[in-house]
Structure formats: C-alpha cells, structure tokens
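Asks: give me the fold of what follows.
(one chain, ligands or ions: 2)
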Amino acid sequence: MSVKSTDTSFLALALTAAITAGITHWWTRRLEEQKVLKEKKQIYDRELLIKSKTLEARKLTGEPAGTVIEDLTIDKVFLWEVEDLKKRFSSSEVDNEMKNVPSSNTNPYFFPTLNVAPKKLEEAKSNQHATPTAYNKLITNHECIVADIVRKPNMKTYTHAYVRAGPRAKLHFDPKTVNAAIITCGGLCPGLNNVIREIVCTLCQLYGTNGSVYGLTGGYRGFYDPAYRPIKLTPELVQNIHHEGGTVLGSSRGGFDLEKTLDFLESKKISQLFVIGGDGTHRGAFRIHEGCMERGMNVAVAGIPKTIDNDVDYIDHSFGFSSAVEAAQVAIRAAKTEAICNMPNGIGVVKLMGRSAGYIAVHATMSSGDVDLCLVPEVPTVLEGELGCLPHLRRRVKDQGYAVVVVAEGAGEDVLGVSAETDASGNKKLPPIGEFMKAQIEEYFKKQDDVATVKYIDPSYTVRSVPANAADSLYCMQLGQNAVHGAMAGFTGFSVGLCNNRMVFLPIPQLVATSPRSMNPRGRTWERVLALTRQPNTVAKLNENASVENVQPTLR
Ligand SMILES: Nc1ncnc2c1ncn2[C@@H]1O[C@H](COP(=O)(O)OP(=O)(O)O)[C@@H](O)[C@H]1O
Ligand SMILES: O=P(O)(O)OC[C@H]1O[C@](O)(COP(=O)(O)O)[C@@H](O)[C@@H]1O
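Replies: Numbering: from 1, shown residues only. Ligands and ions are numbered 1, 2, ... in the order given. Here you go, the predicted model:
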C-alpha cells in the first residue's frame, strides 16, 4: 500500500507541531522552575543575611546563636531544695579541700576479710601523709539541673530542677570530728560493695576523717540487735570488696526500729549516716532524719538509691541495674540454645526479677535481640484469642522452629491473681508466673494436637549477686563520693543520683512519693519490645482492667 504525499506532509506537520508544543511546554516549565528556584534563592539569601545580621546584633547584646522558638518558653524554675543542717545547727565553716590521704601500701590482706588486725591498720595509718589539693570545681547551692529537658510546643512554661551534687566550698562538719555509719538494706544489688568502699575512702582519704566509720551489719536490725555487731570500716579493709557481689555488711528486710536507731546514733556520736537501699529503705532513712530533728541531733542522713528493679523514680537508672541486665543475657542465650536444640517445637522460658516493674525483662529482651515474647507487670497478659501470647508463640515456633520467652516475675497478675502474702518489709509475694507459663504453653500445643518441648530457666538470684560491671562501678563511685560531699556540706534527708546524666541531690520525700515507678506501657520502650518480638500489643486491655488499685505512676 502506497502513502499519499498529502498524508505525508500532514503527518510531518502534525509531528512538527507536537514537537514544537512539547519543546514549548518543556521550556515554559523550565522557565517556571528557574523562576521558583530564583525566588527561593532570594528568600534563602535574605534569611542568611537576616541570620548573620541577627548574630552580629546578638554578639553585641550577648545573646547566643540559634533560632528562637517562640512557643517554647521556660520562665520559672522551681528548685527541689534539700534540707540543710546549717539552717538549724551551727556550722564548722571549715574550707573544703581534698586531703588525698594516701592508702596504706602495707595492707597484707589482699582478699577482703572483716577481721583484719587493728594494730596493723593503726601502724599503716601512722605512716600516711596527707597532700591537700584545692578543688578545681566547687559547686554553689544555686547550681541546678533542669528536670524537664524535653520541650514541646504549648508545654507549661515552668519546670523543676534538682540541686547539683558535688563538693561545696564550706563544710558544715569539721571532717576531723566526723563519725559516720553505713548500712545496706533490702534485696542485693550489684555495686553495693563499690558504694561502701567509695564512701569509706571519700570520708577517710578525700576528707581525712579521723573519727570512726561504722559498718552496720544485717540491715536496719544492725542498729540494735546484738546478733548483728557493727564493724569499724577503714580504706584498707574495703580495698578489694568491690570485686565481689553482694554486700560485706549483709542486708535484710523488716526490722526497722526508729527509737533504737536514734539511740545507737547518739551513743556512737554519729554525725553522718549513709543508707544504701531502695524506696523502702529511703522511707526508713527519712524517718531517721525526722527523728534526729525531733531529738535535736545534728546528723546528716544521706540515701543512695539501690535496686536491680530500676523502680526508684526520677533518677536515670539505679546502680546495679545494668549489671543485672547483663547477667540476664546468659540465661536468655541458654534458653535460646535449649529451644533450638530440643525438638520438636523447642521453647525456652526465662523468668527474671522485677516485682512491680518490668525494666529488667524489657531491657534484657531488647539487648539480647533473641526474644519472641516478653511479659511484664505493666502490660496485660492475654493467653488466647486474637491478642493471645500462646497463638503468637505457636506462630513463631512454626516460622523459625523455636521460640524464646522472657517473663518478669511480677507479670500475669491478671491471669494468676494477686497474692495476699507479704515479706518482712511488707512487699507483696508473687505467684509463680514462670512455671504457670510453661504449663500453659504445653497445654496449648496439646490442645492443637501438637507438642511443645519447653525448657524453663529461673536464673533468680544469679542476676543480682554478680559484681558490678564497669558502667555500674563508675556510677557507684560517683554516688559514694557525692553522698559524702552532700553530708559534709550539711545536707540531710537527701539522696543522690543521676538525673539527665548529671549527679544531683534529691529530697527523699519527693523521691519516694512516686516510687516504685513502672515502665510506661504506651511509651517507646514497650514499642521497641513489640517491634522486636512481634507479639500482639495488649495495652488496649489496660483500660478494661483499670481500677483505682491498679493505677501506678509511670515513667518513660
Ligand atoms: N515506710 C518505712 N519506714 C521505715 N522502714 C521501712 C519502710 N519501708 C520499708 N522499710 C524498711 O526498709 C528496709 C528495706 O525495704 P525493702 O522494701 O525490703 O527494700 P527496698 O529498700 O529495696 O525497697 C526494710 O528493713 C524495711 O523494713
Ligand atoms: O527474695 P528477696 O530477697 O526478698 O528478693 C526478691 C526481690 O528483690 C528484688 O531483687 C529487688 O528488690 P528491692 O530492690 O526492692 O529490695 C526484686 O526484684 C525481687 O522481687
């Protein structure tokens, strides 16, 4: 078939028109784009000019660089003051300087023992030469750490702040005359010995205290029970204790007796008491402080928050928590190995401590990366159905051949009920959630005409009796030193801790008011756990279960 010449020229014309239209469109768009870019560049250049002019102007007025965010304002800072003995008793007004009394090199006792011959220690002490050094950084009482560092538009325009910890220029107590006492109470926690060691060394070496430092044994009963005798602590005696888990002083629950405690403090002329423990211990410590005030006793009571549960409010984390999470990894790895190797359908279940807060369980889960189901007290436990953890586990086993479960000891009250029993301190006893979950998993697989090979691991006390890891050891050192700095300066009824990564002094009443804290089930930590384990989110069930008794303070 031949193409007519009129058709050809029509086609050519149409093609030329189309190409011209295309080019015109492209060119017009390009011009428009260039125009927009030029306008943007002008705006950008103008902003740059404004910025540089503003900076120049700010330099003159002393204002800092950066953009002012108009809807973020802090106009008031409320300081959480700690009580100060200087306001009630006369002060020594001694200048604060680091004595740096050297440790004796003649200590023949490499391994810690509480029965070191006193004569040897006296000899060692007499050979010591103090080398005083001025502090480069003394802290003033109006230095503070702002509490709410995350700011969002339309937030309240005030915040509270904590007193910054550290050595003060003037001392309330003359270090030469200080007698001190140290006590550890409640459950064990990695780092207790580190804190004891640091307090003793700070008192005796940094401040050159000549008085006695008593270690009270067996928790609060150590103040009065003849079965628990106080020990005189020295730097030589505590030199190596930080390599061991537990507490060289021993600990206990219950046994608090205010009057007998005050009698002891009076009889031994104690002016500084260091109480290492959790929220319960701190409640006791504050009562001792109040008792001292009532009797007119010039005694600084300092708390150092301890708990592997990480449930003391306000502080970034408690010492020992990170070591406990680290120790839990061993159990999770063992559970994974058992689950992978034991067929058919291997499932490893690990129960971790955490009475009312699941911090250890969630942090161990997140750091291991090997867990398929994590149950904590803050989030409802649902066994079957759409949100059920048992169908989820079976799916995980079918997908990968095995599954790993981490369960916090306080989880599952909604399926197991709440125990009415309490321990000597009044803490509720917990029903056996680990064994319960093992039985439930086996039963569920059986109901599906299947079989699960479940291995149950309860590392129990092994996670809290380990020595402190490096991070906790460093933290304990800061805590011990600052507790002594605070007491020497005359603060009382206070505790020390890291808040927003800075060491602060906290008033005990505020600290315990919302402790024990628990994990926010609607926060990002729990979301990370869900992303990792892919377990169903049962948080919506919280509203259904909510009752006044169940409502707890939550953080992060
Ligand atoms: N409100 C309180 N007043 C006085 N002592 C208390 C109070 N609560 C707890 N204690 C005592 O503090 C010690 C430790 O308390 P506990 O709850 O066992 O551990 P933790 O201090 O780790 O929370 C126990 O000897 C307990 O009797
Ligand atoms: O058997 P014990 O010694 O009473 O300790 C059990 C409890 O102690 C803890 O390890 C820590 O508790 P505290 O820090 O409150 O003393 C909990 O996790 C656990 O429930």
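
Asks: ok, Gly497 - how many residues close by?
Replies: If you count neighbours by other Cβ atoms under 10 Å, Gly497 ends up with 27. Glycine gets a C-beta too; all of them are placed from N, C-alpha and C.

Asks: cool, and Glu326?
Replies: Glu326, neighbours per other Cβ under 10 Å, totals 19.

Asks: same question for Lys170.
Replies: Neighbours of Lys170 (other Cβ under 10 Å): 15.

Asks: just Gly211 next, same as before
Replies: There are 19 residues near Gly211, going by other Cβ under 10 Å.

Asks: distance check, the nearest residue to it once chain neighbours are set aside against ligand 1.
Replies: Spatial nearest neighbour of Gly211, excluding adjacent residues (Cβ to Cβ, 6 or more residues apart in numbering): Asn179 at 3.9 Å. Separation of Asn179 from ligand 1 (Cβ to the nearest ligand atom, to the nearest Å): 23 Å.

Asks: how close does Asn179 get to ligand 2?
Replies: To ligand 2, Asn179 is 28 Å away according to Cβ to the nearest ligand atom.

Asks: repeat that for Ser465.
Replies: To ligand 2, Ser465 is 10 Å away according to Cβ to the nearest ligand atom.

Asks: which pLDDT value belongs to that residue?
Replies: Listed pLDDT for Ser465 reads 97.

Asks: still on that earlier bit, touching, the residue nearest to Gly211 and Cys204? I think so.
Replies: No - the pair Asn179 / Cys204 is not scored as a contact, 11.9 Å apart, by Cβ atoms under 8 Å.

Asks: more neighbours, the two?
Replies: Cys204 (27 against 18).

Asks: and the more buried one, what does it touch?
Replies: 101, 213, 234-235 (Cβ atoms under 8 Å, 6 or more residues apart in numbering).

Asks: ligand 2 versus the residue in the stretch 51-200 of the chain positioned nearest to ligand 1, what's the distance?
Replies: The minimum distance from the stretch 51-200 of the chain to ligand 1, using Cβ to the nearest ligand atom, falls at Gly186 (2.6 Å). Separation of Gly186 from ligand 2 (Cβ to the nearest ligand atom): 3 Å.

Asks: give me the common contacts of Asn179 and Cys204.
Replies: Taking Cβ under 8 Å, 6+ apart as the criterion, Asn179 and Cys204 both touch Val213.

Asks: near ligand 2, which residues of this protein?
Replies: Residues of the chain lying close to ligand 2 (Cβ under 6 Å from any ligand atom) are 186-187, 278, 307-309, 353-355, 409, 423, 464.

Asks: can we see that at 5 Å?
Replies: Contact residues (Cβ under 5 Å from any ligand atom) of the chain with ligand 2: 186-187, 278, 307, 309, 353, 355.

Asks: just to revisit the earlier point, from the contacts of Cys204, which land in strands?
Replies: Of the positions in the contacts of Cys204, Val213 sit in strands, assigned by DSSP state E.

Asks: next, give me the two most distant ones among the contacts of Cys204.
Replies: Maximum pairwise distance among the contacts of Cys204 (Cβ to Cβ): 13.1 Å, between Val101 and Val213.

Asks: neighbour-wise, which of the two wins?
Replies: More crowded of Val101 and Val213, by other Cβ under 10 Å: Val213, with 26 against 21.

Asks: do you know how far that one is from ligand 1?
Replies: 21 Å.

Asks: give me the neighbour count for Thr20.
Replies: Per other Cβ under 10 Å, the neighbour tally for Thr20 reads 10.

Asks: relative to Lys428, how far out is the residue of the stretch 51-200 of the chain closest to ligand 1?
Replies: 15 Å (Cβ to Cβ, to the nearest Å).

Asks: who's more crowded, these two?
Replies: Shown here are Gly186 and Lys428; by other Cβ under 10 Å, Gly186 has more neighbours (23 against 15).

Asks: would you tell me which helix is longest in the protein?
Replies: Ranked by number of residues, the top helix in the chain under DSSP state H is helix 5-61.

Asks: what about this protein, any weak spots by pLDDT?
Replies: Low-confidence segments of the chain (pLDDT under 70): 1-5, 104-129, 545-556.

Asks: the residue of the stretch 51-200 of the chain closest to ligand 1 contacts Gly219, doesn't it?
Replies: Yes - counting by Cβ under 8 Å, Gly186 touches Gly219, with 7.5 Å between them.

Asks: quick check: neighbours shared by the two?
Replies: 251, 253.

Asks: would you mind giving the secondary structure of Val415?
Replies: helix (DSSP: H, G, I helix; E, B strand; the rest coil).

Asks: what residues are up against it?
Replies: 381, 383, 436.

Asks: now do the helices in the stretch 401-550 of the chain.
Replies: 413-416, 433-447, 470-489, 508-513, 524-533, 541-545 (DSSP state H, counting those that start in this stretch).

Asks: give me whichever of these is most buried.
Replies: Among these, the stretch with the highest mean neighbour count (mean count of other Cβ atoms under 10 Å) is helix 470-489, at a mean of 24.

Asks: give me the helices and strands touching that helix, please.
Replies: In this structure, helix 470-489 packs against strand 170-171, helix 192-201, strand 272-277, strand 300-305, helix 321-341, strand 494-499, strand 502-507, with contacts taken as 3 or more Cβ pairs under 8 Å, 6 or more residues apart in numbering; DSSP states H and E.

Asks: which of the residues in the second one are buried?
Replies: Residues of helix 192-201 classed as buried: 192-201 (neighbour count, 16 or more other Cβ atoms under 10 Å).

Asks: convert the C-alpha atoms of stretch 345-360 to CSV, please.
Replies: The C-alpha trace of stretch 345-360 is given here as CSV (Å, rounded to 0.1, in the frame of the first residue of the first chain):
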residue,chain,number,x,y,z
ASN,A,345,8.9,-27.2,68.9
GLY,A,346,11.6,-26.1,71.4
ILE,A,347,10.6,-23.2,73.6
GLY,A,348,12.9,-21.6,76.3
VAL,A,349,11.2,-19.7,79.1
VAL,A,350,13.3,-17.4,81.3
LYS,A,351,11.9,-15.7,84.4
LEU,A,352,13.6,-12.5,85.5
MET,A,353,13.2,-10.4,88.6
GLY,A,354,11.0,-7.3,88.6
ARG,A,355,8.4,-7.1,91.3
SER,A,356,6.2,-4.2,90.1
ALA,A,357,8.3,-3.0,87.2
GLY,A,358,9.5,-5.0,84.1
TYR,A,359,12.6,-2.9,83.4
ILE,A,360,15.0,-5.9,83.7
